[in-house]
Every structure is written in C-alpha cells, then in structure tokens.
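**Student:** coords below, sequence missing:
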C-alpha cells in the first residue's frame with residue numbers, strides 16, 4: 001500500500017504538468033476526473049462481483065460492528081490505547097503542516113508548479129524506496145517497538161527543521177526524514193494495533209484510527225492556516241515538536257509491550273489471535 005502511495009506522488013505531478021502544458025490550467029482537474037472514471041471501469045471489469053459478495057458475507061459473519069461498547073473494550077486491551085494516542089500525537093501535527101506547506105512555499109519562496117511537482121516526485125520516490133526496501137530491512141534488524149521509536153525520532157527531526165524553514169534547499173533534508181517518519185509511524189503502529197486485538201476486531205480499530213486522521217485532515221486547513229497567518233509557519237513546527245516529544249517521552253514512561261510476550265503470558269486470550277466474549281464478561285465480573 002505504501003509503495004502504491006509513493007507511485008501516486010510520482011505520477012500525479014507528471015500527469016498534471018503535461019496536462020497543463022498542452023491543454024491549459026483546468027486540464028489537471030479534467031485529468032483527475034478521467035483517472036477516476038478509468039478506475040471505475042477497471043473495478044467494474046476485473047473485480048468478480050460474486051466472489052466479492054461471498055467474501056463480504058463471510059467477513060460480516062465473523063466481524064463485529066463498531067459501537068461505543070466494542071470501541072471501549074478494544075481500547076482497554078494491552079497496547080491499543082497506548083499506541084493509538086502516540087500515533088495521533090505524532091501524525092496529527094504533520095497532517096496540519098502538510099496541508100498548508102504548499103501555500104507557504106509559494107508565498108515565501110515563489111515556488112512554481114514545476115518546482116512543486118519536482119518535490120512531490122522526490123517524496124514519492126523516497127516513499128517507494130522506504131516501503132519497498134527500507135521497511136523490510138529495518139524489520140529484520142529491529143522489533144516493532146524500536147521501529148516506532150525510530151519513526152517518532154524521525155518525525156521530531158522533521159518538525160525541528162520546519163521550525164527553522166527559512167531556506168528552500170532544506171526540503172532536500174526534510175524529505176528523507178519526513179518519508180521515513182511517516183512510513184514507520186503509520187505502518188508499524190497499524191501493525192501493532194491489529195496484532196493487539198482479535199481478528200474480527202481489526203476493522204474496528206483501523207476504523208477508529210482512520211476516523212481520527214480524517215477528522216484531523218478536516219480541521220487542519222483551518223487551524224493550520226490561522227496559526228500560519230497569526231504566528232507564522234514556524235509556529236506549526238514548534239507545536240508539532242512539542243506533541244511528538246510528548247509521544248517520545250511516553251515511549252519510555254509507558255513502553256509498548258511486545259506482542260509475542262503478551263501471547264506467551266496470556267495464551268488463553270491470544271491463542272490464534274482470538275478469545276470469546278464470555279472471557280470478557282468473566283474478567284469484568
């Protein structure tokens with residue numbers, strides 16, 4: 001998924017630039033419409049509707065629905081609330097910065113569409129490399145807890161650079177740490193969250209995480225734009241550094257417990273990744 005995400009960063013500025021050059025300023029919008037229609041056609045032709053329906057029915061029989069009670073029980077499980085809060089502290093300020101950064105680069109540095117496309121290609125290539133090779137290599141050397149700490153440190157380093165983002169060439173030092181931090185924090189945190197719950201609850205916890213990120217994407221333009229206009233773009237870097245540093249301190253105060261260790265210590269709960277609701281009721285009683 002991360003590799004595909006990186007490809008999108010690479011192809012989008014190329015398609016947008018070519019469309020603008022040959023067909024005018026509105027051409028990128030029409031290109032986006034055409035790509036969406038093409039995606040709909042591919043889905044209609046190549047996805048087997050009967051197989052998908054059978055898979056969905058089987059999944060619905062096994063999966064739980066998102067309710068306040070189910071969300072409360074999931075957040076009480078080891079690691080879930082811990083990782084959820086830390087991921088939100090790290091990624092939320094980055095989403096806020098990324099929404100207003102193109103506007104800041106245009107106003108401060110006079111970045112053109114071609115320059116912006118070049119930076120997007122660099123980000124995409126870095127994401128593709130990290131997801132395709134870096135994550136695999138790092139997973140062979142470090143456990144998930146250390147990977148999350150490394151991702152948090154990379155995000156803090158990125159945010160510190162945003163605090164002093166006075167020169168455009170800093171983008172070439174920001175891009176590697178930005179891609180590494182976002183990839184490690186997003187991918188590994190999701191892996192820990194899904195490993196810490198039952199198989200039929202994975203959709204619920206991922207839904208909660210995505211809902212939080214969607215909420216941040218909704219308010220980020222307004223909050224980020226207000227902070228940038230009133231206090232300057234650098235203030236967003238300071239805010240993000242403080243929040244990410246809290247997450248880093250949390251790694252040492254409330255460390256993330258190893259999944260394999262949890263399985264060994266509580267075979268009843270984690271055997272084959274499932275346990276029954278009766279077990280939950282007995283625990284509450």
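**Tutor:** Perfect, I can see it now. Predicted model only: the values in this text are computed from it and were never measured.

**Student:** for the nearest residue to residue 170 once chain neighbours are set aside, what are its contacts?
**Tutor:** In space, and not counting its chain neighbours, residue 170 is closest to residue 161: 5.8 Å by CB to CB, 6 or more residues apart in numbering. C-beta: built from backbone N, CA, C; applies to glycine. By CB atoms under 8 Å, 6 or more residues apart in numbering, the contact set of residue 161 is 170, 173-174, 177, 237.

**Student:** tell me the two of these that are most distant?
**Tutor:** Largest separation among the contacts of residue 161 by CB to CB: 173 and 237, giving 13.8 Å.

**Student:** what about residue 29, how many residues close to it?
**Tutor:** Using other CB atoms under 10 Å, residue 29 has 11 other residues around it.

**Student:** confidence score at it?
**Tutor:** Per-residue pLDDT puts residue 29 at 87.

**Student:** look up how far residue 116 lies from it.
**Tutor:** Distance from residue 29 to residue 116, counting by CB to CB, to the nearest Å: 16 Å.

**Student:** again with residue 68
**Tutor:** Counting by CB to CB, the gap from residue 68 to residue 116 is 43 Å.

**Student:** and these two? Which one has more around it.
**Tutor:** The neighbour comparison of residue 68 against residue 116 (other CB under 10 Å) goes to residue 116, with 17 against 7.

**Student:** report how many residues lie close to residue 220.
**Tutor:** Using other CB under 10 Å, residue 220 has 20 other residues around it.

**Student:** my bad, residue 89
**Tutor:** By the measure other CB under 10 Å, the count of residues near residue 89 is 21.

**Student:** for residue 148, see how far away it is.
**Tutor:** Separation of residue 89 from residue 148 (CB to CB): 12 Å.

**Student:** and residue 124, by the same measure?
**Tutor:** Distance of residue 124 to residue 148, given as CB to CB: 24 Å.

**Student:** ok, now which ones touch residue 105?
**Tutor:** Residue 105 touches 111, 116, 168, counting by CB under 8 Å, 6+ apart.

**Student:** Three-state assignment for the first one, please.
**Tutor:** In this case it means residue 111. Secondary structure, DSSP: H, G, I helix; E, B strand; the rest coil: residue 111 is coil.

**Student:** so residue 217 touches residue 98, yeah?
**Tutor:** No: applying CB atoms under 8 Å, one finds residue 217 not in contact with residue 98, separated by 9.4 Å.

**Student:** tell me which residue is most central in this protein.
**Tutor:** Central residue of the chain (CA atoms, centre = their mean): residue 186, 4.1 Å from the mean position.

**Student:** and whatever helix or strand it lives in, what's buried?
**Tutor:** Following DSSP states H and E, one finds residue 186 within helix 171-195. Within helix 171-195, the residues scored as buried using 16 or more other CB atoms under 10 Å are 171, 174-195.

**Student:** that helix - contacts with which helices or strands?
**Tutor:** Here helix 171-195 touches helix 2-23, helix 80-109, helix 113-129, helix 135-141, helix 144-163, helix 202-231, going by 3 or more CB pairs under 8 Å, 6 or more residues apart in numbering; DSSP states H and E.

**Student:** one more time with 10 Å, if that's ok
**Tutor:** In this structure, helix 171-195 makes packing contacts with helix 2-23, helix 80-109, helix 113-129, helix 135-141, helix 144-163, helix 202-231, helix 233-253, helix 259-265, judged by 3 or more CB pairs under 10 Å, 6 or more residues apart in numbering; DSSP states H and E.

**Student:** that one: how far from the chain's middle?
**Tutor:** Chain-centre distance of helix 171-195: 7 Å, with CA atoms, centre = their mean, to the nearest Å.

**Student:** what's the answer for stretch 200-218, then?
**Tutor:** Chain-centre distance of stretch 200-218: 10 Å, with CA atoms, centre = their mean.

**Student:** for that stretch, buried residues please.
**Tutor:** Under the neighbour-count criterion of 16+ other CB under 10 Å, stretch 200-218 has 201-205, 208-209, 213, 216 buried.
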